[in-house]
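J.: Got a predicted structure here, sequence first:
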Amino acid sequence: MRRHRRAKIVATVGPSSAAPEMLKRLFLAGVDTFRLNFSHGTHDDHARVHRAIRALEAEVGRPIGILQDLQGPKIRVGTIRDGKITVTAGETLRFVPSGTEGARDAIPLPHPEIFAAIAPGHHLLIDDGRVRLAVTGLGDDFIEAKVVTGGVISNRKGVNLPGTVLDLSPLTAKDRVDLAFGLELGVDWVAMSFVQKPGDLLEARGLIGERAGLMAKIEKPAALDRIEDIIRLSDAIMVARGDLGVEIPHEEVPGRQKELVRACRLAVKPVIVATQMLDSMVAAPTPTRAEASDVATAIYDGADAVMLSAESASGSYPVEAVEMMDRIIRSTEQHKLYRSIIDASDPGEEQTAPHAVAAAAADLAEVIHATAIVAFTSSGTTAARIARKRPAVSVLAITPDQGVSRRLCLLWGAHSVLSEDIHTYEESVERACAFAQREEFARPGDTMVVVAGIPFAQAGTTNNLRVVQISRS
């Protein structure tokens, strides 16, 4: 079950993909981690999918990651008189905190935190930005805004506020219940929506502890202003380009994507590029050329993983979408310019012994034409430090922790296997040679670079590197 590519594939599970036989087809087509979107479905639905994935994992003998994506706060207008109103550029509307039959002078916006934080000059974007308004005046119980881009405002449409930082926890009451349920199931990652500032992650971290990796979804402009601290407090990042692309200009999204990928690579944190990557494949068996280029761009940027949303959750061609993404990744990684582009975007590394050892292992493996780098890792950190260099040589990550082996299904280039703890040099060499051959990374006579931390089984101590040749006898 070795993947012949470095970047990973995340696929969202939904009505099109929840059946056990479809989950197996998607895994065999290339899915490394499955996403459970808690904006949809019941707890029973997600529990059935979780059981099916774990049964599949046992059947194929490979770790499979499961990502729980929490819904987060949803800001919406209230009920509009007659269901909708059409507004035109230049007219002024008034929003109020309560009401049941909104008209132009009293559109309900039942979110008091907005009235406490918004200011003149800020913008309101309704229905994914189809209607745009600029705030011109405020009162204790109203917001006046001038229509910049006209359109239709209808019941319960979503509202984005790109310039406004709301005093609002990213964990709603629903999220807390969902999080407790997901942790009880045993998800490997928890993705938080609506992250605005570093402190938003602390509450979730306290609830999650070490039971799962914490992933921050970057979809708010305010998060970009504090991104280094947010990355530091997270275990991984998702570039959620859908909402982010509503709240910042479209032309800025590609550059921001590159910045985020590079910052995560420097911080040794996995990064997923997400949203509408092969969106036309929701209804068609092939993507557009622009979509294929979009996936390839994320791979050239050095993203750890790319994600399918509606394409695999509710689309008509979930398997074909995964197969297409797999082909695009492999083709991109095999292109003659890929290595030079990846090397040129190397962010460097921290000046510490563990990072230096990991970087040296990647460089040494290439120089001596090693067939693999074998990383013994109890927490996943050693494998992540090596992956940051984006080596041309495959990385075989051996860990005694099942949760770590599953979380490594998001890490660039890492092929994780579960093994008992090792205690001696000799044991590490024997185990490295045995697993490299079993997983088809090496054959007798091949040379490998083995990286570990001494003492063994102690997290974060990447300090030992050795060159090993597999015996021909």
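T.: Received it, and whenever you're ready, just let me know what you need.
J.: Show me what the helix or strand that contains Ile272 is packed up against.
T.: According to DSSP states H and E, Ile272 maps onto strand 271-274. Packing partners of strand 271-274 (3 or more C-beta pairs under 8 Å, 6 or more residues apart in numbering; DSSP states H and E): strand 236-240, helix 241-247, helix 253-267, strand 305-308. Using the backbone N, CA and C atoms, a C-beta is placed for each residue, glycine as well.
J.: and these as a markdown table, adding mean neighbour count, distance to Arg6 and mean pLDDT?
T.: Below are the helices and strands packed on strand 271-274 laid out as a markdown table (neighbours: other C-beta atoms under 10 Å; distance: least, C-beta to C-beta, whole Å; pLDDT from 0 to 100):
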| stretch | mean neighbour count | distance to Arg6 | mean pLDDT |
| --- | --- | --- | --- |
| strand 236-240 | 26 | 16 | 98 |
| helix 241-247 | 20 | 21 | 92 |
| helix 253-267 | 18 | 13 | 96 |
| strand 305-308 | 27 | 10 | 98 |
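J.: Counting neighbours, what do you get for Gly90?
T.: 9 (other C-beta atoms under 10 Å).
J.: right, I mislabeled it, should have said Leu202
T.: 11.
J.: hang on, it is in a helix, isn't it?
T.: Yes: checked against DSSP: H, G, I helix; E, B strand; the rest coil, Leu202 lies within a helix.
J.: Quick check: closest non-adjacent residue to it.
T.: The shortest distance from Leu202 to any non-neighbouring residue, by C-beta to C-beta, 6 or more residues apart in numbering, is to Leu233 (7.1 Å).
J.: I'd say the one you found and Pro198 touch.
T.: Yes: with contact defined as C-beta atoms under 8 Å, Leu233 and Pro198 form a contacting pair (5.4 Å).
J.: So what touches the lengthiest helix in the chain?
T.: Ranked by residue count and defined by DSSP state H, the top helix of the chain is helix 43-60. With C-beta atoms under 8 Å, 6 or more residues apart in numbering as the test, helix 43-60 has contacts from 1, 13, 18-20, 23-24, 27, 34, 36, 38, 63-64, 66, 68, 178, 181-182, 185-187.
J.: How far off centre is that helix?
T.: Chain-centre distance of helix 43-60: 20 Å, with C-alpha atoms, centre = their mean, to the nearest Å.
J.: got it, and stretch 107-116?
T.: Put simply, stretch 107-116 sits 31 Å off its chain's centre (C-alpha atoms, centre = their mean).
J.: Could you list the buried residues of it?
T.: Neighbour-count burial for stretch 107-116, counted by 16 or more other C-beta atoms under 10 Å, picks out 107-109, 111, 114-115.
J.: Please identify the buried residues of the longest helix of the chain?
T.: Applying a neighbour-count criterion of 16+ other C-beta under 10 Å, one finds 46-47, 49-50, 52-53, 56-57 buried in helix 43-60.
J.: How is the chain divided into domains?
T.: Following automatic domain parsing, one gets these domains for the chain: 8-72+169-335, 81-160, 353-469.
J.: As a markdown table, these with distance to Pro347 would be great.
T.: A markdown table is the format used below for the domains of the chain (distance: least, C-beta to C-beta, whole Å):
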| stretch | distance to Pro347 |
| --- | --- |
| domain 8-72+169-335 | 4 |
| domain 81-160 | 31 |
| domain 353-469 | 8 |
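J.: so where's the chain uncertain?
T.: 100, 457-460, 473 (pLDDT under 70).
J.: how about the CA coordinates for stretch 430-438, as CSV?
T.: This file holds the C-alpha atoms of stretch 430-438, laid out as CSV (Å, rounded to 0.1, in the frame of the first residue of the first chain):
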residue,chain,number,x,y,z
GLU,A,430,17.4,-4.6,12.5
ARG,A,431,14.0,-3.0,12.7
ALA,A,432,14.9,-0.3,10.0
CYS,A,433,16.1,-3.0,7.6
ALA,A,434,13.2,-5.3,8.2
PHE,A,435,10.5,-2.6,7.7
ALA,A,436,12.2,-1.0,4.7
GLN,A,437,12.1,-4.3,2.9
ARG,A,438,8.6,-5.2,4.1
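J.: Grab the nearest non-local neighbour of Asp301.
T.: In space, and not counting its chain neighbours, Asp301 is closest to Val261: 4.5 Å by C-beta to C-beta, 6+ apart.
J.: Please tell me how far the spatially closest residue to Thr33 that is not a sequence neighbour sits from Val404.
T.: Nearest residue to Thr33, sequence neighbours excluded (C-beta to C-beta, 6+ apart): Gly65, at 3.4 Å. Note on Gly65: its distance to Val404, by C-beta to C-beta, to the nearest Å, is 11 Å.
J.: Could you check which of the two is surrounded by more residues?
T.: Ranked by neighbour count (other C-beta under 10 Å), Gly65 and Val404 place Gly65 first, with 27 against 22.
J.: how about the more buried one, phi and psi?
T.: Per-residue torsions, Gly65: phi -80, psi 150 (degrees, to the nearest 10).
J.: you'd agree it is up against Arg407?
T.: Yes: Gly65 is within contact range of Arg407, at 6.4 Å (criterion: C-beta under 8 Å).
J.: Quick check: neighbours shared by the two?
T.: 188-189.
J.: Mind putting the buried residues of helix 43-60 into TSV with distance to Val148?
T.: What follows is the buried residues of helix 43-60, written out as TSV (distance: C-beta to C-beta, whole Å):
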residue	distance to Val148
His46	40
Ala47	45
Val49	42
His50	45
Ala52	47
Ile53	45
Leu56	49
Glu57	50
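J.: From the residues you listed, pick the one nearest Ala359.
T.: Nearest to Ala359, judged by C-beta to C-beta, of the buried residues of helix 43-60 is Glu57 at 32.3 Å.
J.: separation between that closest one and Glu323?
T.: 21 Å.
J.: Does Ile114 touch Ile75 like I think?
T.: Yes: in this structure, Ile114 is within contact of Ile75 by C-beta under 8 Å, at 7.2 Å.
J.: anything in contact with each of these two?
T.: Joint contacts of Ile114 and Ile75 (C-beta under 8 Å, 6+ apart) are 159, 161.
J.: Strands of the stretch 101-250 of the chain, residue ranges please.
T.: 107-108, 123-126, 131-139, 142-149, 151-154, 159-160, 189-192, 213-218, 236-240 (DSSP state E, counting those that start in this stretch).
J.: Do a quick rundown of the strands in the stretch 351-473 of the chain.
T.: Under DSSP E, counting those that start in this stretch, the stretch 351-473 of the chain gives strands at 372-376, 394-399, 414-418, 447-453, 462-469.
J.: May I see these arranged in a markdown table, with mean neighbour count and distance to Val246 as well?
T.: Below are the strands of the stretch 351-473 of the chain laid out as a markdown table (neighbours: other C-beta atoms under 10 Å; distance: least, C-beta to C-beta, whole Å):
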| stretch | mean neighbour count | distance to Val246 |
| --- | --- | --- |
| strand 372-376 | 29 | 40 |
| strand 394-399 | 27 | 37 |
| strand 414-418 | 22 | 33 |
| strand 447-453 | 24 | 43 |
| strand 462-469 | 17 | 41 |
